[in-house]
Each structure stands twice: as C-alpha cells, then as structure tokens.
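A.B. asks: need a 3D model of the following:
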Amino acid sequence: MHHNPFTTMRSLKLAEGCKGTQVYALNPPPPPPASGGTGGGGVGDKLLQHLQDHLRVNSIRSKSSRTYHHQSTSSVVVSPESLLPYGLPVTDLLEPQIDPSLKFVDLVDKMAEVYRRIEASSELEKSGAFLEQCAVFRGLSDPKLFRRSLRCSRQHAVDVHAKVVLSSWLRFERREDELIGTSSMDCCGRNLECPKATLVPGYDPETVYDPCLCSGANDVVPECSTSEEALLDYDMSFCIGDEEVRCVRYKIASLSRPFKAMLYGGFRETKQGTISFTQNGISVQGMRAAEVFSRTKRLDDGFPPDVVLELLKLANRFCCDELKSACDTRLAHLVNTLDEAMLLIEYGLEEAAYLLVAACLQVILRELPSSMHNPNVIKIFCSVEGRERLASLGHASFALYFFLSQIAMEDDMKSNATVMILERLVECAVESWEKQLAYHQLGVVMLERKEYKDAQRAFNTAAEAGHLYSLVGVARSKFKRDHRYSAYKIINSLISDHKATGWMHQERSLYCSGKEKLLDLDTATELDPTLTFPYKFRAVALVEENQFVAAISELNKILGFKASPDCLEMRAWISIGKEDYEGALKDIRALLTLEPNFMMFNGKIHADHMVELLRPLAHQRSQADCWMQLFDHWSSVDDIGSLAVVHDMLAHDPGNSLLRFRQSLLLLRLNCQKAAMRCLRLARNHSKLKHERLVYEGWILYDTGHREEALAKAEESISIQRSFEVFFLKAYALADSTLDPKSSEYVIQLLEEALRCPSDALRKGQALNNLGSVYVDCDKLDLAADCYTNALNIKHTRAHQGLARVYHLKNQRKAAYDEMTKLIEKAQNNASAYEKRSEYCDREMAQSDLSLATELDPLRTYPYRYRAAVLMDDHKENEAIEELSRAISFKPDLQLLHLRAAFYDSMGEGASAVKDCEAALCIDPGHADTLDLYQKARETNAADQM
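C.D. replies: Numbering: from 1, shown residues only. Sure, this is the predicted structure:
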C-alpha cells in the first residue's frame, strides 16, 4: 500500500470535532436543611457569591496578570460539594441535542442523488446544485467537503448577487475578520474571492481561480480630447437657477427616449434654445456631468459621489439606461466601509441600482459576524420589508439567508434576530431540500427557545417536505409538552418503516425506561459509535450507582477517538465528584481549548472560573515544569493531556504565539479543525515578527484549501528570515501530492534545511520523522532508519511506526512487529498502532489487532476494509458487504464506498455498484479508480436491464 510520506507531519483528517456546547440537565440544588450540617445560605450560594466577587475584581480576558502560582494551597479548603453547587447530572433529565443540519436515513442514497443532479445540471443550474451539496456536507465531520462544495458553487455562480454571497461566505469560513491588521475588503489574489471580480457580471467558471486584477490597471481609459470638445457645436442650454449649462441637443437626446421626445418630439422645448431645468432635482454640477457623459459615454473620475448620485436619480427619472449603468458601476466601486455601505444601500434600493446594492451587501457580508450587531443591518436582513426591498432588485436569495442563518445560529441560537432570519429563509425556500433545511433549522431554534408548539409546527413542515430526521424534532416537541407516548409512537414507527439508524434508537431511548432504554442506547452505539449521548447516559447511570471509575471508563471510550467538549465536561464533572481535581482540571483546560466560552453546570458557571477554583487544589507547576510535562504528554501520544498543559502555560504567557501554534497542531491531530484554525489565527495575531506571521498565515491558507497561496507566504517568509517552521511549511505543502524523484529530492533539501534551524526537540522529532518517510519513498532505507532512530532518541514516539516500515521493507517482519509493539506500549492513543501492527503478522493475529483498533477508534476505516476483503476471499459476499455497510452508515468514506461498489460489481449487483460509485464521486469527483468502476458498472447495469 502506498502511503503519502507526510501523513504523519500534521493531521490530514481535518474535521469539526466540536460542534457546540452540550448543556446537561442537573440535579436541583438541595434545600437549606440539606444533609451535611452546613448552615444557612448553602454552599452553592456562597460559591456563586465568590464567583461574582471574583468577576468584579478580575476580567476574564486579563489572564496575563494572574498569579495563581503564588497562591498557597495549604490555606485552601474546598469540598466537592462547593465545587458542585448544582450537583451531578441525573439520567432522567439528560437529552441529546437535535442536529440543525440535514440528516438522512440513507446518506449514501442522498449523496448519489446530489451527484446525479450536479452532473445533469445545465451551466445555469450548477451553482444551486452545489449549494445543495453544501447543505448535505454541512452535517458531516469533514469541513473540507463543505468548503470544496462552496467553492464549486461560487465557481458556477451566474449573477453578481450569487458571486457576492458565496465569495463572502468563503472568506468567512477562514474567519479572516479575526486577523489583526486586515481589512474586510482585502483581496486573496484570485477571482474566486476578489471583491472587485465579484461585481463583474457574467458566467466565468474557467477564470475564477486565475489571479485577479485588483491593481485597477485594466480600468484605465484614454482621456478625452480637449481639441475635439472645442469643435463641438453647443446649440442649447439647460437653465438651473441663475446658471446655464451649454449642451449639444442631439447628444442629450441620445441619452434616452424621453429626452429625445422632449428635444425633438414637437414639445415646446423643441423650439427653445434655453430650457428651464430647475425643478428636476439636479444641480448645475450634476447637469454639467450629464452633459459630459452625453458626449463621452463615461463618467469622469473627478465627479464626486454626490454628483454621481444626482446623475443616478436623473437617469431613473428620464430612463437613461446607459447613464444609470455607468452611475451604478461607479458608485459600486466607491463602497469600501460598513458606514459607506449603510449609507449607499438606501440610495441603491431607492434608485433600483443593482450593482450598488450588491457592493453594499458585499461589504456588510465581508464584515460578518460583527456587522450583524448593527441595528440597520438587522433591519435590512431580518424584517419582512427589508427582504422585500432586497428581493425587488434580485438580492434576496436562499443562499444569502442560508449564509446568514449559519452565522446567526452560531452567534445566539435563541435571539429574535435568529428567528427572523430563519423566517426570511423559509420565505426564500423554493426547492424541496431548501424547505427541509429552512423549516428544520427554524424548528431547532424554536425548541431551544422552549416555544414547543411553533417548534412542532416547523418540524412537521420539514418532515412533510421529505426530511425524516425532523420527525425527531416533532417527537421531542411533543415530549416537552408531556405527550411522551405520542413521541414514542412517532419514533417507533420511524424505526419500523425504515432501516434503523443510531439516531433513531437514541431518540427512542428518551421515551423508554429501564432495560428498554438501555437496550436502545446500546443499539444506538452499535449502529453509530460516534453518538455521544449514549456514552454520557451510561456514565451518569453508573455515577448514580456510585461507580465513578466505571463511569469515567465509559466516557474514555468515546474520548479516545472523538474530542467532544460535552464529554470532556462530563468527565471533569465526575472527576470532581470523586475528588480527582487534577484530572478534572486537565479536562476543563482541554475543553476551554476547544471552546473558550464554554459554560458548565447548565450554563451557570464559566469553565474558566472552574479552572480558577480547581487550580489551588492541583499540583502547582512552573513554566519549566510545564515544558517537561508537555514533552512527556507529547511523547506518550496523549493529545488531551498536551492540550491541558499548553492551556496552563498560556495562562502565564497568553501572548506566546509558539504555544498557540502548538495548540493548533494538537487540535488538528484530534480532528478539531475549527478550534485549530482559531488557535492559528491567535498565533498569527500575537506574533511580533513578520516572518512568523507569514508562516501562520501560510498554514491558515493551506488548511483551508489554498495551497499555492500558502507556498507564496512561505517564500515571502524565507526572504525575510530562514526558520524551521517556514521550511517545514514549504516542505509539507509541496509534499501534498504524488512526488516524482526530483520533487522528493527538493522536499528532502527543505527538511534538512529545517533541521539546521533552531527549534525544540518536539518539532525536530516531527521533522526527522517526516524526512524518514520521504527517504522511504525514495527507497533510501538506511537513511530513513537513521532519521527514525534519531527521532526516537529525542522521544518522538511515533517514529516507531516509520522504523517498523523500514524493517518490513527489508523483509524483517518480526522486527517490524516488535517495533510496533513498542509504540503500543508507549502511546496512550494507540488505535493506529494496532492497525499498523496488523500488517506485520499472520491473519489471525491481524484480525485480533484490527478488532482492538476498531474498538478503540471505530472511525478508522482500514480494519473494516481488511475484514471485508478477508470475507470476500472466503466467498462470504453478504458478510463482506455487511462489514463495509456497518462503517459506511456512520462514516461515508470514499475508500469504503469504492470497495463496496467493487464488491457489488463482482456480485453482479450493478444498480448498487452504480449508487455507491455516485456517492463516492460526490465526495471526490476526480477519483480515477471510482470513475473507471462507475463507467464499467453503468455499462453492466444497462446491459442487465436490456
């Protein structure tokens, strides 16, 4: 099997591992005469008072001034009850959140349908088809799929409005608004997101990735000849007040039919040499500008904006289409700030200036999310009147409100503004999938607001439009209104009528009790082990039986492969209950790295405050101690522990860009790309050196799909100063493709150059490990072995895997197996090590290792593919298909779909093979092997149907 040499450089599985804060239901605080002998007031009240006092003294943001390490722990006496003023969570009140994204009973079937729609779409329909694909991918864990679909939708955008909305959305996905020193109208260098290119009408899919022309050189026009102007025969004048503006009659008449009729149509103005124009709302300067335009057919750059606005009004009054278009274009290019946009959008809407309104919208959208707090922006987007005004000019689209709804729901799920935006989204929904999404999201928001009747109504409408997952919302709304049995019947019917999924059994468990509830939860985990609620419920049930260790073990199962904020919170919660303050502090620190504003205990206490309360109870470490601890966690492949240490270090030194960068690396390894990107932005903002900022900007660009731009940033950084990180970035970006021998040699040179630059052992170990991988691909096994050995000498534990590969290629299989065993013994997260070791042993031992790998991390796809291949070799076709289907049901992976399609094809089930190929091509439309298999399967299927 060919391996990309840089798969271990940084995590390539960039996924949104953290979707939002899960709120737990809590035990109500005990009444005043609670057991324990405490006096009046209660521990909870005292703790809350302490927190309020603390808030008045210390700002959450001023971490740099904290001096926790000077506190003495001997005088601190804290009981578990004081740290848990609201008690532990109880099973009766726990419930899972409803996903606001589209969710399907058969995701493979939906992806195949979307792929067919894209392929069958005309040029004018493709953008909308890709937008539907965006909605489908939004609910998956890999944000790269969503961004790719969004780029494709922008690429095929037909009108200026769609270009503006989709380009702004692409920019928002990178959250460049958080980068200090950047402007919302900064250009990325390509037409795809260029604020000027988006305002150019026309369908241009072939040029969107070309460099843009932001310099304005293409706008230069030749100056008009003054000698030609001197030869003109001015034969009339417009009188405005006491001044006259001399004009050429036939030139003015050429502006529009109304002017032509006035000047040549037999009206009294036809015979007048001087025409009174005072009552037409235009100044002398405006009329002179109109006269110039009548001769030159262009607007002089010297005309101020207020004169151009006068011309726009004149053009509308006298139907001067060419003049209006010129004014519209000119004004559109003058909009650069939010204040200008808010001023000019009113003129644009009043005068029906399409491009001007588009330019104003672009500034507003590129200023998101901060612009959403502007009351005038809220009025435009949220009100019925505002949407109707935008719609009158073609600027109220489903894409616009889809974009706004994502921002509003992330900002404040329960706000009135969010509800109004979703109501406008509903009004824009035309296609079936649009109605499903709009009504489902509205239902989720109304449920959060506890407006259960409205929520049920919205969910019902989404379900009637074809979104079966919305029945979960219908059932939940009924359950909240004490219609438990009715809710049970809805979900039970759903399970009976369709192929069962994990989320169906999870939801039904809410409406059951006893063994039936536990059975549903176990079935949910079996069908979809990525669902967090079943683990949390079982953990809390164990806590209620005072089995704290078993409860934490239950949570460890999912935290071993999914860094879920709500599961980290619960593990910390339980750790406090068992007085393991060190463990609780570690989890809360990791939690805050994922979501800095996380509120614990049903939103009552900021997680950051819990750190302040727990810190005196844990071991106090200096910055040097923290570095040693980080080294130990990193070497033992304990990413959660590493995150906690880095968070502790940042409390002492919040401006340390290197530590922020370390956070991003760890988060990428945990598939938490959203949090990783935030840390990268912070690293960039805190860096005081330009060459460092360029490196971080390069990583941000690379991780959001802009490889060439990332390489350009690396080159610019090298021109300022040669550093380890810049050579590492350049090598990684260049290696993200199949390398030919010449390219491999260049990557080797870059990594060797990186190793010559100063850095710490953690990063040196990674560079050595990566260099070894490139040497292996170049068949330089001895050099590779030296690299891996040197990496191991500085405790880069993952190098065991590379060294095992070298042994394997030298036909030393036993040595390779032993090397992987060392990694398994050292690494806390060792699912990948079991998976890799399976390649160096016999089938029976391999099966055992792969079973362990799946148990530890069910998201790893190789074990399923291996087991399926073994079953096919044993002529157990149905079992092989079932093995693959088990994983595809919760992770529709390209390789899994391709392999199942190949199996179906070999079994003569052409229709199933075609569907799997289409779903795989929806994920990667350029996958060569799947394209070949698709063509073959279609031909076979067509022949079978004849």
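A.B. asks: please make it C-alpha for all contacts and neighbour counts, starting now.
C.D. replies: Fine.
A.B. asks: phi and psi next, for D300.
C.D. replies: The phi and psi values for D300, taken as degrees, to the nearest 10, are phi -60, psi 140.
A.B. asks: who's in contact with it?
C.D. replies: A289 (C-alpha atoms under 8 Å, 6 or more residues apart in numbering).
A.B. asks: show me the shaky parts of the stretch 251-400 of the chain.
C.D. replies: Counting by pLDDT under 70, the stretch 251-400 of the chain shows no low-confidence range.
A.B. asks: and for H373, the neighbour number?
C.D. replies: 11 (other C-alpha atoms under 10 Å).
A.B. asks: and it, how far is that from T182?
C.D. replies: Look at H373 and T182: by C-alpha to C-alpha, to the nearest Å, they are 20 Å apart.
A.B. asks: and the helices in the stretch 101-250 of the chain?
C.D. replies: Shown for the stretch 101-250 of the chain, the helices assigned by DSSP state H, counting those that start in this stretch span residues 107-120, 126-138, 143-155, 160-174, 226-230, 249-253.
A.B. asks: next, format those helices as TSV and append mean neighbour count and distance to L650.
C.D. replies: As requested, those are exported to TSV (neighbours: other C-alpha atoms under 10 Å; distance: least, C-alpha to C-alpha, whole Å):
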stretch	mean neighbour count	distance to L650
helix 107-120	18	42
helix 126-138	23	32
helix 143-155	23	27
helix 160-174	24	24
helix 226-230	9	67
helix 249-253	19	69
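A.B. asks: rank these by mean pLDDT and give me the bottom one.
C.D. replies: Note on the helices of the stretch 101-250 of the chain: lowest mean pLDDT is at helix 226-230, with a mean of 48.
A.B. asks: would you say G908 is within a helix?
C.D. replies: No: per DSSP: H, G, I helix; E, B strand; the rest coil, G908 lies outside any helix segment and is coil.
A.B. asks: model confidence for it, exactly?
C.D. replies: If you check G908, the pLDDT there is 92.
A.B. asks: what does N829 give?
C.D. replies: Looking at N829, its pLDDT reads 85.
A.B. asks: out of everything not next to it in sequence, what's closest to it?
C.D. replies: The shortest distance from N829 to any non-neighbouring residue, by C-alpha to C-alpha, 6 or more residues apart in numbering, is to V637 (6.0 Å).
A.B. asks: got the phi and psi for the one you found?
C.D. replies: phi 50, psi 50.
A.B. asks: count the neighbours of it for me.
C.D. replies: Neighbours of V637 using other C-alpha under 10 Å come to 20.
A.B. asks: list the contacts of it.
C.D. replies: Residues near V637 by C-alpha under 8 Å, 6+ apart: 797-798, 826-829.
A.B. asks: which of those residues has the largest number of neighbours?
C.D. replies: Of all those, the highest neighbour tally under other C-alpha under 10 Å goes to R798, namely 25 neighbours.
A.B. asks: excluding chain neighbours, what is closest to it?
C.D. replies: In space, and not counting its chain neighbours, R798 is closest to L823: 7.0 Å by C-alpha to C-alpha, 6+ apart.
A.B. asks: for that neighbour, helix, strand, or coil?
C.D. replies: helix.
A.B. asks: do you know how far D92 is from V540?
C.D. replies: As judged by C-alpha to C-alpha, D92 and V540 stand 10 Å apart.
A.B. asks: actually G394, not the one I wrote
C.D. replies: Distance from G394 to V540, by C-alpha to C-alpha: 53 Å.
A.B. asks: how near is the residue nearest the centre of the chain to C672?
C.D. replies: Most central in the chain under C-alpha atoms, centre = their mean is P143, positioned 5.1 Å from the mean C-alpha point. P143 sits 10 Å away from C672, going by C-alpha to C-alpha.
A.B. asks: about what we covered before: between D92 and V540, which is the more surrounded one?
C.D. replies: More neighbours surround V540 than the other of D92 and V540, with 27 against 14 (other C-alpha under 10 Å).
A.B. asks: which residues does that one contact?
C.D. replies: If a contact means C-alpha under 8 Å, 6+ apart, then V540 has 89-91, 551 as its contacts.
A.B. asks: least confident pick among those residues?
C.D. replies: Lowest pLDDT within the contacts of V540 is found at P89 (85).
A.B. asks: can I get the helices of the stretch 101-250 of the chain in CSV including distance to I421?
C.D. replies: Converted to CSV, those look like this (distance: least, C-alpha to C-alpha, whole Å):
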stretch, distance to I421
helix 107-120, 26
helix 126-138, 17
helix 143-155, 21
helix 160-174, 15
helix 226-230, 54
helix 249-253, 46
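A.B. asks: do you know which of the ones you listed lies nearest T532?
C.D. replies: Of all the helices of the stretch 101-250 of the chain, it is helix 126-138 that lies closest to T532, at 18.6 Å by C-alpha to C-alpha.
A.B. asks: what sits up against the closest one?
C.D. replies: Contact with helix 126-138 is made by 101-103, 111, 114, 117-118, 121, 143, 145-147, 149-150, 152-158, 399, 433-434, 437, as judged by C-alpha under 8 Å, 6+ apart.
A.B. asks: same check, this time on stretch 686-696
C.D. replies: With C-alpha under 8 Å, 6+ apart, stretch 686-696 has contacts from 655-657, 661, 680-681, 683-685, 713-714, 716-718, 720-721, 725-726, 729.
A.B. asks: buried residues in that stretch?
C.D. replies: Under the neighbour-count criterion of 16 or more other C-alpha atoms under 10 Å, stretch 686-696 has 686-687, 691-696 buried.
A.B. asks: and the contacts of stretch 686-696, which are buried?
C.D. replies: Neighbour-count burial (16+ other C-alpha under 10 Å) is assigned, among the contacts of stretch 686-696, to 655-657, 661, 680-681, 683-685, 713-714, 716-718, 725-726, 729.
A.B. asks: can you tell me which of the helices of the stretch 101-250 of the chain is nearest to C917?
C.D. replies: Per C-alpha to C-alpha, nearest to C917 of those: helix 107-120, 7.8 Å.
A.B. asks: for that closest one, name the packing helices and strands.
C.D. replies: Helix 107-120 sits against helix 126-138, helix 910-923, with contacts defined as 3 or more C-alpha pairs under 8 Å, 6 or more residues apart in numbering; DSSP states H and E.
A.B. asks: what strand or helix carries the closest residue to S838 other than its chain neighbours?
C.D. replies: Distances taken as C-alpha to C-alpha, 6+ apart put A846 closest to S838, at 4.2 Å, once the chain neighbours are dropped. Assigned by DSSP states H and E, A846 belongs to helix 843-856.
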